[in-house]
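Undergrad: Sequence plus the predicted model coming up.
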Amino acid sequence: MIEIENSILAGLLHNEEYMRRAAPFLDESYFFDFSEKTIYNSIISYINSYNGVPTKEALHISMGDKDFLSEDQFNSIGGLINSLSYDKGTDIQWLLDETEKFCKQRALHIAVHESILVLNDKSSSMTPEALPELLQTALGVSFDQNIGHDFLEVFEDRYQFYHTKEDKIPFDIDIFNKITKGGLSRKSLSVILAGTGVGKTLFMTHNASANVLAGLNVLYITMEMAEERIAERIDANLMDVTMDTLRDMPRDVYLKKIKKLKEMTTGKLIIKEYPTAGAGSGHFRHLINELKLKKNFKPDVVYIDYINICMSSRVKNTTANSYTIVKAIAEELRGLAVECNVPIMTATQTTRSGYSNSDIGLEDTSESFGLPATADFMFGVVSTEELEESNQIMIKQLKNRWGDPNYMKRFVVGIDRAKMKLYDVEESQQNSLMDDSPTPKKAKSSKPDFSNFT
């Protein structure tokens with residue numbers, strides 16, 4: 001009976017196309033037999049050195065150089081090498097599918113074995129908290145056959161993409177939907193830039209409240225305020241009451257409002273508090289995995305309050321400057337957004353000069369200019385005495401990968417700080433700010449000219 005391991009080794013040895021498509025996903029740990037593992041390592045070593053498949057003769061020679069092999073092991077491996085035959089009529093896709101199935105089974109087997117060691121306190125490198133991620137990684141083993149976009153061959157797919165509405169998380173403030181072309185894109189990192197007390201947390205709690213009412217699952221991670229304080233702001237927003245009224249509200253009234261909220265939406269909100277500078281993307285990933293396993297909760301959008309007090313999973317805070325640390329954190333959070341297919345929104349402080357600046361820019365980002373370089377969407381929030389008297393804040397676009405940041409570069413949004421709410425203002429109140437923003441130029445013709453392509 002021919003085992004799949006033999007077919008895999010034979011394919012690596014005799015079929016270069018199969019080798020190049022399968023080798024990146026194979027691992028020596030998947031081969032339990034000593035002879036198979038040794039042959040696999042020799043094949044991969046040859047591929048890495050010479051960028052091609054070895055011959056049987058080359059494998060035999062490499063075995064002769066391995067002093068650790070006993071005579072019986074040498075003879076057994078030599079016999080296995082001679083037996084590795086490959087039928088040229090083998091369907092490569094079939095073999096790739098079988099190889100992928102083999103890798104998944106072996107990865108899961110290894111994960112279960114490691115889990116048993118952890119549960120029996122026999123693992124020196126893992127703790128029980130790592131088990132969900134370990135199992136999910138094993139279950140996520142997959143062969144990605146996409147090796148690039150062939151521009152002139154897959155134009156039909158590209159055209160379809162251009163005319164397919166992107167799955168976005170909309171704002172409940174119309175002007176934000178205009179400048180982002182429908183809301184926050186999945187797999188993106190958005191950043192609010194503002195001074196202390198201007199409204200970073202208010203902006204995120206308002207959006208989280210709107211998302212929940214829209215039936216979305218929201219994960220709100222706080223590293224500055226207690227979970228109850230964030231929940232208090234969201235309560236005030238959703239119940240449309242002031243913070244003072246909320247604190248004085250009788251219990252039976254509060255319960256009735258909560259019951260009504262439950263009837264209004266299918267969305268869920270999880271608020272998780274971490275110590276300041278005590279968690280990073282690795283902790284957030286573990287939390288998302290735990291919520292999926294224990295609560296069947298998968299977030300549609302994630303808020304992190306806020307990025308400068310996260311820790312980096314790659315860079316030690318004691319050995320690097322603030323530019324490197326914050327840039328690393330931003331890259332890790334954006335990577336998490338891509339991995340989990342969610343938009344992540346966070347915030348950052350302005351510099352000391354930016355705090356008093358009524359027209360902040362990217363240069364006012366505190367600690368690291370690497371943050372705006374990584375973000376997909378970034379906007380500043382400005383509050384002045386004049387704006388406060390009008391119950392407004394000014395928004396200034398700083399970076400926008402989904403649209404032109406100079407279109408509606410500055411605009412105002414209504415704010416009710418007592419109720420932790422934001423709202424659209426009348427268009428007439430935007431006019432003075434819009435005068436500073438360039439308007440898109442009109443085309444000379446109402447129809448584009450494609451004559452050069454006919």
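TA: Perfect, thanks for sending it.

Undergrad: and the nearest residue to Met264 once chain neighbours are set aside, how many residues sit next to it?
TA: Among residues not flanking Met264 along the chain, Leu213 sits closest, at 6.6 Å (Cβ to Cβ, 6 or more residues apart in numbering). In this view, the C-beta of every residue, glycine as well, is placed from N, C-alpha and C. Residues contacting Leu213 under the criterion other Cβ atoms under 10 Å number 15.

Undergrad: ok now do Leu213, which residues does it touch?
TA: By Cβ atoms under 8 Å, 6 or more residues apart in numbering, Leu213 lies in contact with Asp172, Leu238, Met264, Thr265, Gly267.

Undergrad: count of neighbours near the third one?
TA: Translated: Met264. The number of residues packed near Met264 is 12, by other Cβ under 10 Å.

Undergrad: so which strand or helix has Ile415?
TA: Here Ile415 sits within strand 410-416, counting by DSSP states H and E.

Undergrad: That strand: partners in the sheet, and parallel or antiparallel?
TA: Strand 410-416 pairs in its sheet with strand 392-400 (antiparallel), strand 421-423 (antiparallel), by DSSP bridges.

Undergrad: mind putting these in CSV, distance to Glu228, mean pLDDT and mean neighbour count included?
TA: Formatted as CSV, the strands paired with strand 410-416 follow (distance: least, Cβ to Cβ, whole Å; pLDDT from 0 to 100; neighbours: other Cβ atoms under 10 Å):
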stretch, distance to Glu228, mean pLDDT, mean neighbour count
strand 392-400, 25, 95, 21
strand 421-423, 19, 96, 20
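
Undergrad: Present these as TSV; the columns should include distance to Ala375.
TA: TSV is the format used below for the strands paired with strand 410-416 (distance: least, Cβ to Cβ, whole Å):
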stretch	distance to Ala375
strand 392-400	6
strand 421-423	21
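
Undergrad: Looking at those strands, spot the one closest to Val338.
TA: With Cβ to Cβ as the measure, strand 392-400 is the member of the strands paired with strand 410-416 nearest Val338 (17.9 Å).

Undergrad: contacting residues around the closest one?
TA: Strand 392-400 is touched from outside by 179-180, 193, 198-199, 358-362, 372, 375-384, 387, 405-406, 408-415, 425, 429, 433, with contacts defined as Cβ under 8 Å, 6+ apart.

Undergrad: who are the neighbours of the helix or strand containing Lys262, in terms of helices and strands?
TA: Applying DSSP H and E as the criterion places Lys262 in helix 251-264. Judged by 3 or more Cβ pairs under 8 Å, 6 or more residues apart in numbering; DSSP states H and E, the packing partners of helix 251-264 are helix 227-239.

Undergrad: try 6 Å this time
TA: Packed against helix 251-264, as judged by 3 or more Cβ pairs under 6 Å, 6 or more residues apart in numbering; DSSP states H and E, are no other helices or strands.

Undergrad: which residues in the stretch 51-200 of the chain form helices?
TA: Remark: helices assigned in the stretch 51-200 of the chain by DSSP state H, counting those that start in this stretch are 56-64, 71-83, 92-119, 131-139, 155-162, 174-179, 200-213.

Undergrad: picking up where we left off before, report the inter-axis angle for the strand holding Ile415 versus helix 227-239.
TA: Using axes from the mean of the first three to the mean of the last three Cα atoms, to 10 degrees, the direction of strand 410-416 lies 100 degrees away from that of helix 227-239.
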